[in-house]
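[1] Okay, predicted coordinates and the sequence, questions at the end:
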Amino acid sequence: MTKADKKAEYNAFLAVCPSRQLLDRISDKWVVLILCALGGDASEQPGASHAPKAMRFSELARLLAGVSQKMLTQTLRALERDGLLIRTVTPTVPVTVTYELTDLGLSLHHLTRGLRQWAQTHMGQVLANREKHDARAS
């Protein structure tokens, strides 16, 4: 049996565990928002489709207000490397490049969707708590 054949056991509480790097990557705000966008969560309109979809770089850049081109490029490359999304180049004029979630990326998207929804739902309460805390600290 080779080393690759053995099922590795990972424990993110250990300093040397590689799953810590993965947790660091997937907890990034741009990763969460990219996964939600590609997962079809961008529209909050009632009755809007929440089906995963392929998107062009420019679509993602417009949707993710505040992300720099460099950061979006780096994040998409990292997600592609980790197997969470697929980059497809279509030889048209001009060349069309799209990004879409893999099955692995879609499985993570189901978790990040809940995280994004939680943040949006509870932001008012968090802001109120911050104000109370800051008032006590002053």
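    Everything's here; your move.
[2] wait, T88 sits on M55?
    No - look at T88 against M55 with C-beta atoms under 8 Å: they stay out of range, at 10.9 Å. Any C-beta I mention is one placed from the backbone N, CA and C, and that applies to glycine too.
[3] overlap in contacts of the two?
    With contacts defined as C-beta atoms under 8 Å, 6 or more residues apart in numbering, the residues shared by T88 and M55 are T98, Y99, E100.
[4] Quick one: residues contacting the residue nearest to the first one when sequence neighbours are not counted.
    The reference is to T98. Once flanking residues are discounted, T98 sits nearest to A54: 4.2 Å by C-beta to C-beta, 6 or more residues apart in numbering. Counting by C-beta under 8 Å, 6+ apart, A54 touches L38, T88, T98, Y99, E100.
[5] Turn the residues you listed into TSV, columns for secondary structure.
    Formatted as TSV, these follow (DSSP: H, G, I helix; E, B strand; the rest coil):
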residue	secondary structure
L38	helix
T88	strand
T98	strand
Y99	strand
E100	strand
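[6] Tell me the one among the shared contacts of T88 and M55 nearest to L64.
    For the shared contacts of T88 and M55, the residue nearest L64 by C-beta to C-beta is Y99; the value is 12.1 Å.
[7] coming back round to it: looking only at neighbour counts, state which of T88 and M55 leads.
    More crowded of T88 and M55, by other C-beta atoms under 10 Å: M55, with 20 against 11.
[8] is it true that the more buried one touches Y99?
    Yes - between M55 and Y99 there is a contact under C-beta under 8 Å: 5.9 Å.
[9] Need the residues touching each of those two.
    L38.
[10] what's the helix-or-strand element of the chain with minimal mean pLDDT in contact with?
    Using mean pLDDT, DSSP states H and E, helix 19-26 stands out as the lowest-scoring helix or strand of the chain, at a mean of 92. Identification of contacts with helix 19-26 by C-beta under 8 Å, 6+ apart yields Y10, N11, A12, L14, V31, V32, A78, D82, L108, T112.
[11] And the longest helix anywhere in the chain, what's buried?
    For the chain, the longest helix by residue count, based on DSSP state H, is helix 103-137. For helix 103-137, burial by neighbour count (16 or more other C-beta atoms under 10 Å) applies to G105, L106, L108, H109, T112, R113, R116.
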